[in-house]
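Peer 1: Attaching a predicted model along with its sequence, questions to come.
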Amino acid sequence: MKTITCKQLGGACDKKFHAASFDEIAAMSKQHGTEMFQKKDAAHLKAMNEMQELMKKPEAMKKWFENKKKEFEALPEEKNGGNATNQQHT
Ligand SMILES: [Zn+2]
(Lines give C-alpha, C1' and ligand atoms only; values in the text may rest on other atoms or scores of the structure.)
Protein backbone atom coordinates (compact mmCIF):
# COMPACT_ATOMS: atom_id res chain seq x y z
CA MET A 1 0.00 0.00 0.00
CA LYS A 2 1.30 3.43 -0.94
CA THR A 3 0.12 6.97 -0.44
CA ILE A 4 0.34 9.84 -2.90
CA THR A 5 -1.31 13.24 -2.78
CA CYS A 6 -3.46 14.99 -5.32
CA LYS A 7 -0.71 17.62 -5.65
CA GLN A 8 1.94 15.03 -6.39
CA LEU A 9 -0.23 13.86 -9.26
CA GLY A 10 -0.44 17.31 -10.77
CA GLY A 11 -3.62 18.21 -8.90
CA ALA A 12 -4.29 21.05 -6.51
CA CYS A 13 -4.91 19.79 -2.97
CA ASP A 14 -3.39 17.59 -0.30
CA LYS A 15 -5.95 14.83 -0.55
CA LYS A 16 -4.25 11.49 -0.08
CA PHE A 17 -4.85 8.48 -2.26
CA HIS A 18 -4.00 5.04 -0.93
CA ALA A 19 -3.52 2.10 -3.25
CA ALA A 20 -1.20 -0.74 -4.07
CA SER A 21 -0.81 0.01 -7.76
CA PHE A 22 -0.44 3.07 -9.93
CA ASP A 23 -3.46 2.03 -11.98
CA GLU A 24 -5.67 2.22 -8.88
CA ILE A 25 -4.19 5.59 -7.97
CA ALA A 26 -4.81 6.88 -11.47
CA ALA A 27 -8.45 5.78 -11.26
CA MET A 28 -8.92 7.37 -7.81
CA SER A 29 -7.27 10.58 -8.91
CA LYS A 30 -9.47 10.70 -11.99
CA GLN A 31 -12.59 10.24 -9.89
CA HIS A 32 -11.49 12.94 -7.46
CA GLY A 33 -10.74 15.25 -10.38
CA THR A 34 -14.22 14.68 -11.76
CA GLU A 35 -15.77 15.49 -8.37
CA MET A 36 -13.74 18.67 -8.07
CA PHE A 37 -14.66 19.59 -11.63
CA GLN A 38 -18.36 19.23 -10.77
CA LYS A 39 -17.86 21.43 -7.71
CA LYS A 40 -16.11 23.94 -9.98
CA ASP A 41 -13.13 24.10 -7.65
CA ALA A 42 -10.96 26.85 -9.15
CA ALA A 43 -7.58 25.36 -8.21
CA HIS A 44 -8.48 21.97 -9.67
CA LEU A 45 -9.96 23.51 -12.81
CA LYS A 46 -6.66 25.29 -13.35
CA ALA A 47 -4.70 22.08 -12.80
CA MET A 48 -7.01 20.28 -15.21
CA ASN A 49 -6.50 22.94 -17.86
CA GLU A 50 -2.79 22.41 -17.60
CA MET A 51 -3.30 18.66 -17.95
CA GLN A 52 -5.41 19.20 -21.04
CA GLU A 53 -2.65 21.30 -22.58
CA LEU A 54 -0.28 18.44 -21.85
CA MET A 55 -2.67 15.94 -23.45
CA LYS A 56 -2.43 17.81 -26.73
CA LYS A 57 1.16 16.60 -26.89
CA PRO A 58 1.08 12.81 -26.71
CA GLU A 59 4.85 12.58 -26.23
CA ALA A 60 4.83 15.03 -23.30
CA MET A 61 1.81 13.28 -21.81
CA LYS A 62 3.47 9.89 -22.05
CA LYS A 63 6.59 11.25 -20.38
CA TRP A 64 4.54 12.88 -17.61
CA PHE A 65 2.65 9.66 -16.98
CA GLU A 66 5.82 7.59 -16.86
CA ASN A 67 7.42 10.07 -14.47
CA LYS A 68 4.45 9.93 -12.13
CA LYS A 69 4.47 6.17 -12.26
CA LYS A 70 8.14 6.11 -11.37
CA GLU A 71 7.53 8.59 -8.57
CA PHE A 72 4.79 6.36 -7.23
CA GLU A 73 6.91 3.25 -7.48
CA ALA A 74 9.72 4.98 -5.58
CA LEU A 75 7.44 5.71 -2.64
CA PRO A 76 7.98 3.66 0.49
CA GLU A 77 5.66 0.73 0.97
CA GLU A 78 3.34 1.17 3.95
CA LYS A 79 2.64 -1.63 6.36
CA ASN A 80 -0.89 -2.79 6.96
CA GLY A 81 -2.71 -0.81 9.58
CA GLY A 82 -0.48 2.18 8.96
CA ASN A 83 -1.08 4.62 11.81
CA ALA A 84 1.55 3.24 14.17
CA THR A 85 3.05 6.69 14.81
CA ASN A 86 -0.30 7.97 16.06
CA GLN A 87 -0.72 5.31 18.70
CA GLN A 88 -0.52 6.47 22.28
CA HIS A 89 0.59 4.53 25.28
CA THR A 90 -1.76 4.75 28.18
ZN1 LIG B 1 -7.39 17.46 -5.24
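Peer 2: Ah, there it is.

Peer 1: which bits of the chain sit near the ion?
Peer 2: With Cβ under 5 Å from the ion as the criterion, the chain meets the ion at residues 6, 11, 13, 15. Yep, even glycine has a C-beta here, placed from its N, CA and C like the rest.

Peer 1: Pull out the buried residues from these.
Peer 2: Among the residues of the chain next to the ion, those classed as buried by 16 or more other Cβ atoms under 10 Å are 6, 11, 15.

Peer 1: quick one: which of those residues is nearest I25?
Peer 2: I25 lies nearest to C6 out of these, by Cβ to Cβ, at 10.5 Å.

Peer 1: For the closest one, what are phi and psi?
Peer 2: Per-residue torsions, C6: phi -50, psi -50 (degrees, to the nearest 10).

Peer 1: still on that earlier bit, among the residues of the chain next to the ion, which two are most distant?
Peer 2: Comparing every pair within the residues of the chain next to the ion by Cβ to Cβ identifies G11 and K15 as the most remote, at 7.6 Å.

Peer 1: Common neighbours of these two, please.
Peer 2: 5, 32 (Cβ atoms under 8 Å, 6 or more residues apart in numbering).

Peer 1: hmm, back to that, in JSON lines: the residues of the chain next to the ion, plus secondary structure and pLDDT.
Peer 2: Listed next are the residues of the chain next to the ion as JSON lines, based on DSSP: H, G, I helix; E, B strand; the rest coil; pLDDT from 0 to 100:
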{"residue": "C6", "secondary structure": "coil", "pLDDT": "97"}
{"residue": "G11", "secondary structure": "coil", "pLDDT": "95"}
{"residue": "C13", "secondary structure": "coil", "pLDDT": "97"}
{"residue": "K15", "secondary structure": "coil", "pLDDT": "97"}
